[in-house]
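Chemist: What would the 3D arrangement of this be:
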Amino acid sequence: MVGRLSFPTVGGVRRWHSNEPDYFKKILIANRGEIACRVIRTARKCGIRTVSVFSDADANAMHVEMADEAHHIGGAKPQDSYLCYDRILDTAKKTGAQAIHPGYGFLSENAEFANACEDAGVVFIGPPADAMRSMASKSAAKSIMTDAGVPVVPGYHGEEQSVEFLADQAEKIGYPVLIKAVLGGGGKGMRIVDDRKGLEEAVQLAQREAQASFGDARILVEKYIRKPRHIEVQVFSDTHGGHVYLWDRDCSVQRRYQKIIEEAPAPGLAPEIKASMGEAATNCARAVNYVGAGTVEFILDRDTDEFYFMEMNTRLQVEHPVSEMVTGQDFVEWQLKIAAGAPLPLQQNEIPQHGHSFEARIYAENPRKDFMPGSGHISFMRTPEPHHPYVRVDTGIREGDDVTVFYDPMIAKLITWDADRPRALQQLRTALDQFQISGLSTNIDFLKTLSSHQAFIDLDLDTGFIPRYRDELFPEVTGTDAKVFAIGAMVAELDSREGRGDLEDADPWSLIQNLRLNHSKSQTYEFLDKEADDELVRVELTFPAGKGCRAVVTRDSGAEHIYEGIDAEIMEDPNQMRYSLDGAKEECRFFRDGNDIDVFLQDSRTSVSLKPLDLGVGAEADAGLVAPVTGQITKTLVKAGDTVEKGQQLVVMSAMKMEYIIRSNVDGTIGAVFHKEGDIANEQEVLVRIDQGE
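Modeler: This is a model prediction of the structure:
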């Protein structure tokens, strides 16, 4: 169960000036999911009524149920709903909402929307449109920052966009270079290029992603710093000319240029560097007449300790909770007050900082497949119990909900706090052990491995952390532990007995030990080991009189493991089992969906599958190229009858605004193309069949 939003009370209570304006009476949240729920909780605390909006895909979403009222605004695709600001404004006017909170993403940094709100007489809870425009263009922003005395990375930020010209600029800057979308964010339209040979393809890919994500194909070229830390500073500004910073965060550990784990304060930085960054961040806000919540992002060179302005996010960041936890402030409440005309609630010398906080983003994705985003149904979900002030869970998804292909695949944010970094990190690891999801792939096990890695503990932090330690973060998997198959057999055995009514009036701890399946002396279950190329694994449960249950786990390869003294019972939670193996009593959670059984042990979620009666693998699946992720077909580059070579581009897919190129793995002739542009293809669905000559 996800508890109410709460913050540590650190360094005194929150206070507001006595001459501040009243709160808004009703606001509309122009967003969905976790951030919409987050805003609703604070609004409710402040006595403000809330209006949520929703798409076809979100009709039964948590943010719809939480709000005081909810209104449908269109289709599942963002451009048909959450990006339609005319519909959102019409809803605000119809419901009497005085202000609109944009959350993050979607319209949160859309200057035209901010202007439209002003024209409609509705307060936009965010910065002025002019400030957003100044920071939206990375080129313009860096020019402004240079004038304001904020250090920037050397690079080209001009209008000329030909490949030849950009290649010349890259030569002048010196490889490696970083190509980024001018209006970019979240890693979209970003590529690292090591030499001129790879520049043309990188530029074209970056331009296409930039156009698809931001409606502007322009890119810039900058010097790539090989060991950068990603440090950001939280700023707030009011309408009275006040500017403060609420300390710093480290967001260096990333995949695909997107953050995965954040912490506050940024560890291991000298006080004078922190102070210089804070001053630079407030100078940035001052230079564009900023109002509201913003984040100034810097690159810090680990080799020199020099830092450079990267960009300013003119909205509340996904990772804002870690700063809330160490300051004891509610940033959404600050936003609401400042938007209503109040001065900053605290001056710079009044802002507390205490303890350390981590945030881990729980995503539907497959880390072992280059963190490919996922989608699907959440069949089972258990979260850590919120424990003020140590554990907080921010989510907009519940058990039974779907993660769709239309939106970001983040399921939840897990935030922990404690008096110092080691203790906060231990809180995080413990809470991750209690976060359990079935139905789709998640990054939870990866986060456990990462947060326990010695280099992470020892502050060896920069954006190259995951590539540098990839072999240790992704150890080779040679097969599933025999213990998991024994547990899976217990689950299957108990389920079979429950289905026949054998469990009625039985002593729960002796269910397996004393009962006989059809009065036989053994029962065998066959599993397929997904971690070992579907190797067949047999588990034979035998019931020798007076000796408890015995399990013999045997692989097709001949490996065998025997467990004695097995016992098991289902606890009050129907997905929790207490069991005994070789005399050791333990507990675990599990979830069964048909033949698939997920077993949650302390270090991982492991899936085992009972062998189906008929695997039914078709010939087309054997001979075709399949979708690596559920997504939309954006380009089909071949047709039936075309001759193709190994490595040739065949299909381009997009998922979560990222582009995936499917290339031929052989020389041959296209036998069939199964999807047209615009279709949605499911993961592992056949896209193209390639026929090879004899």
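Chemist: Stretch 82-98: how far from the chain's middle?
Modeler: Chain-centre distance of stretch 82-98: 28 Å, with Cα atoms, centre = their mean, to the nearest Å.
Chemist: isn't residue 290 right up against residue 235?
Modeler: Yes. If you go by Cβ atoms under 8 Å, residue 290 and residue 235 touch, sitting 7.2 Å apart. C-beta: built from backbone N, CA, C; applies to glycine.
Chemist: In terms of helices and strands, where is residue 273?
Modeler: Using DSSP states H and E, residue 273 maps to helix 271-287.
Chemist: next one: residue 192
Modeler: Element membership for residue 192, per DSSP H and E: strand 191-193.
Chemist: which stretches of the stretch 151-300 of the chain form strands?
Modeler: Ranges of strands within the stretch 151-300 of the chain are 155-156, 177-181, 191-193, 219-223, 228-237, 243-250, 254-255, 258-259, 261-264, 292-301, based on DSSP state E, counting those that start in this stretch.
Chemist: Also the stretch 451-600 of the chain?
Modeler: For the stretch 451-600 of the chain, applying DSSP E, counting those that start in this stretch gives strands covering 522-529, 535-542, 549-555, 560-570, 576-581, 584-593, 596-601.
Chemist: Direction-wise, compare the biggest helix by length in the chain with strand 549-555 and give the angle.
Modeler: In the chain, with assignment by DSSP state H, the single longest helix is helix 482-500. Angle of helix 482-500 versus strand 549-555, following axes from the mean of the first three to the mean of the last three Cα atoms, to 10 degrees, is 120 degrees.
Chemist: If you count neighbours, what's buried in helix 482-500?
Modeler: In terms of neighbour count (16 or more other Cβ atoms under 10 Å), helix 482-500 has its buried residues at 482-494, 497.
Chemist: Relative to residue 187, which of these is nearest.
Modeler: For those, the minimum distance to residue 187 (Cβ to Cβ) is 34.9 Å, reached by residue 484.
Chemist: so what's the residue nearest to that closest one when sequence neighbours are not counted up against?
Modeler: Leaving aside its sequence neighbours, residue 484 sits nearest to residue 606 (Cβ to Cβ, 6 or more residues apart in numbering; 4.7 Å). With contacts defined as Cβ atoms under 8 Å, 6 or more residues apart in numbering, residue 606 is in contact with 480, 481, 484, 598, 599.
Chemist: follow-up on the earlier one: quick one: buried residues of the strand holding residue 192?
Modeler: Neighbour-count burial for strand 191-193 flags 191, 193 (criterion: 16+ other Cβ under 10 Å).
Chemist: And for stretch 169-184?
Modeler: 169, 170, 173, 177, 178, 179, 180, 181, 182, 183, 184.
Chemist: In a strand, residue 605, correct?
Modeler: Yes. Counting by DSSP: H, G, I helix; E, B strand; the rest coil, residue 605 falls inside a strand.
Chemist: what's the spacing between it and residue 171?
Modeler: To residue 171, residue 605 is 48 Å away according to Cβ to Cβ, to the nearest Å.
Chemist: in the stretch 351-500 of the chain, what spans have low per-residue confidence?
Modeler: 498-500 (pLDDT under 70).
Chemist: lowest-confidence helix or strand of the protein?
Modeler: helix 619-623 (a mean of 39; mean pLDDT, DSSP states H and E).
Chemist: Name whatever forms a beta bridge with the residue nearest to residue 484.
Modeler: residue 599 (DSSP bridges).
Chemist: State the distance from it to residue 82.
Modeler: Residue 606 is 37 Å from residue 82, by Cβ to Cβ.
Chemist: what helix or strand is residue 337 on?
Modeler: helix 331-339.
Chemist: Run through the neighbouring helices and strands of the very next helix or strand once past that helix.
Modeler: Sequence-wise, the next helix or strand downstream of helix 331-339 (DSSP H and E) is strand 356-363. Based on contacts counted as 3 or more Cβ pairs under 8 Å, 6 or more residues apart in numbering; DSSP states H and E, the elements that strand 356-363 packs against are strand 261-264, helix 320-327, strand 410-418, helix 421-433, helix 444-452.
Chemist: Including distance to residue 212, could the ones you listed go into a markdown table?
Modeler: Shown next, in a markdown table, are the helices and strands packed on strand 356-363 (distance: least, Cβ to Cβ, whole Å):
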| stretch | distance to residue 212 |
| --- | --- |
| strand 261-264 | 27 |
| helix 320-327 | 27 |
| strand 410-418 | 20 |
| helix 421-433 | 34 |
| helix 444-452 | 27 |
